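Q: structure, please.
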Amino acid sequence: MPISALPQSTVRFLGSSVVITKPCDVVKELLDNAIDAGASFVEIAISPNYLDTIRVRDDGQGIDIEDFDALGKRTHTSKLRAFDELGSRARETLGFRGEALAAMNCLATITVTTRTVKDVVATRLQLKPKIGGVDNKQPVSAPVGTTVQITKLFETLPARKQYSLKNSAKYIQSTKDLLKACALARPDLRLSFKVLGEATHCWSYAPVCAAGVKEAALQLFGTTLANNCVHVSRNSACDQTTSPQLNQQLPEDFILEALIPKPGFEVRAVKGKGFYLSIDSRPISSHDAMAKKIMAIYKPYLNQAAGTGEHCASIPNPFVQLNIRCPPDSYDRRASNQAPGNNKGSNSRPRECAYTIVRTTLHTERNLVSKIEDMQNC
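A: A predicted model of the protein is given here:
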């Protein structure tokens, strides 16, 4: 689908824009774009201070020549044509407002190198600052895909630049955490991160063919964690006896896929590894209201499954990975990039269905724990 301007009626309905306040926000938005472009590999490279250079390279489909002049312009996107398409297309894309690159273009200098399978050579484009479109372009040698290079981020905002420089180490760690969450949400996506000139910060995730979440956890956290976890999957259609009214209202099934500590897990194996929630393979912040409630639902299972008498409150940041796959039109993604966790009324029903399927799955696993304990006591 070509890049074009959204109708003003659609822009008003979507109702929000992308705000770049931290350098790691840039990486997140460019990573989302790479995934939406069908990339199987994304490489991220940054300067040590995180502001001089941010470069994100992917092997996705590239950008068509006809779309060059639309790059960096507000409300220009290839992912949506009208508001009516939102219900059917929202689950297929990580972003659809056409705001991310435009927001970056107001804060930094942007160079885009891109090539599609139809192109003989790649093209390097310098975007017009603040307004978007092509300032200049030239043919270059590059593989199929897109590389976006951001330089001099926050150069015109001295206070924000100074704050970002002071917190560059924290932002680098936040980026690594983001990439871990992305790897667990999309185990088949190859990822690479490096700080230019500093080998100590290099990080990579290279999955085997058709890797699943357990293989991702094995590579990210090691064999001890992987061996102490079990993969479970449940469809909301199985839960009609638990919440029949709720299931009758839903057009299709919700599916929960989870990697959780198995009965009798070793506390040392899961502590400090983190809570990873994703909706339709979109990572959701652990600070999100939905994530906090799901973690509260999860704690009683964790206490029982540990089998050591150690209360969950004493296990710092325990590991759990959950991905909830939602049916079309089941939630409103307009409010923010994390709208599935939004607490507003339009999302109430799908949130409650998500909570129900998490409760039911963990209830089943807790029953398994009880059976194992009974067998051990015989």
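
Q: please name the residues that touch the closest residue to residue 69 other than its chain neighbours.
A: Distances taken as C-beta to C-beta, 6 or more residues apart in numbering place residue 133 nearest to residue 69, at 5.0 Å, with adjacent residues excluded. Every C-beta, even on glycine, is put in place using the N, C-alpha and C of the backbone. By C-beta atoms under 8 Å, 6 or more residues apart in numbering, the contact list for residue 133 reads 68-73, 127.

Q: local confidence estimate at residue 133?
A: pLDDT, residue 133: 88.

Q: CA atoms of stretch 125-144 as PDB?
A: Provided in PDB are the C-alpha atoms of stretch 125-144 (Å, rounded to 0.1, in the frame of the first residue of the first chain):
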ATOM      1  CA  LEU A 125      17.500  10.400   1.100                       C
ATOM      2  CA  GLN A 126      18.000  13.400   3.200                       C
ATOM      3  CA  LEU A 127      14.600  14.600   4.600                       C
ATOM      4  CA  LYS A 128      13.600  18.200   4.700                       C
ATOM      5  CA  PRO A 129      13.900  19.300   8.400                       C
ATOM      6  CA  LYS A 130      10.500  19.800  10.200                       C
ATOM      7  CA  ILE A 131       8.300  19.500   7.100                       C
ATOM      8  CA  GLY A 132       9.300  16.200   5.500                       C
ATOM      9  CA  GLY A 133       9.700  15.200   1.900                       C
ATOM     10  CA  VAL A 134      13.100  14.800   0.200                       C
ATOM     11  CA  ASP A 135      15.800  17.500   0.500                       C
ATOM     12  CA  ASN A 136      18.300  15.600  -1.600                       C
ATOM     13  CA  LYS A 137      18.800  12.000  -2.800                       C
ATOM     14  CA  GLN A 138      21.500   9.900  -4.400                       C
ATOM     15  CA  PRO A 139      21.900   6.300  -5.600                       C
ATOM     16  CA  VAL A 140      24.000   4.100  -3.300                       C
ATOM     17  CA  SER A 141      24.900   0.400  -2.900                       C
ATOM     18  CA  ALA A 142      22.800  -1.300  -0.200                       C
ATOM     19  CA  PRO A 143      20.700  -4.500   0.200                       C
ATOM     20  CA  VAL A 144      16.900  -4.700   0.100                       C
END
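
Q: how near is residue 356 to residue 70?
A: Distance, residue 356 to residue 70, using C-beta to C-beta, to the nearest Å: 43 Å.

Q: any low-confidence regions in the stretch 201-350 of the chain?
A: In the predicted model of the stretch 201-350 of the chain, residues 236-252, 307-314, 329-350 satisfy pLDDT under 70.

Q: could you redo the last one with a cut-off of 80?
A: 235-253, 300, 303-315, 327-350 (pLDDT under 80).

Q: that one: strands as residue ranges?
A: 229-235, 255-261, 275-279, 282-284, 320-325 (DSSP state E, counting those that start in this stretch).

Q: not counting its neighbours along the chain, what's nearest residue 105?
A: With sequence-adjacent residues excluded and distances taken as C-beta to C-beta, 6+ apart, residue 105 is closest to residue 72, at 4.1 Å.

Q: okay, now that neighbour: neighbour count?
A: 26 (other C-beta atoms under 10 Å).

Q: i'd like the first residue to be 29 from this point on
A: Shifting the count to begin at 29 puts that one at residue 100.

Q: now do the SS call for it.
A: What DSSP: H, G, I helix; E, B strand; the rest coil gives for residue 100 is coil.

Q: same check, this time on residue 181
A: Per three-state DSSP, residue 181 ends up coil.

Q: much appreciated, bye for now.
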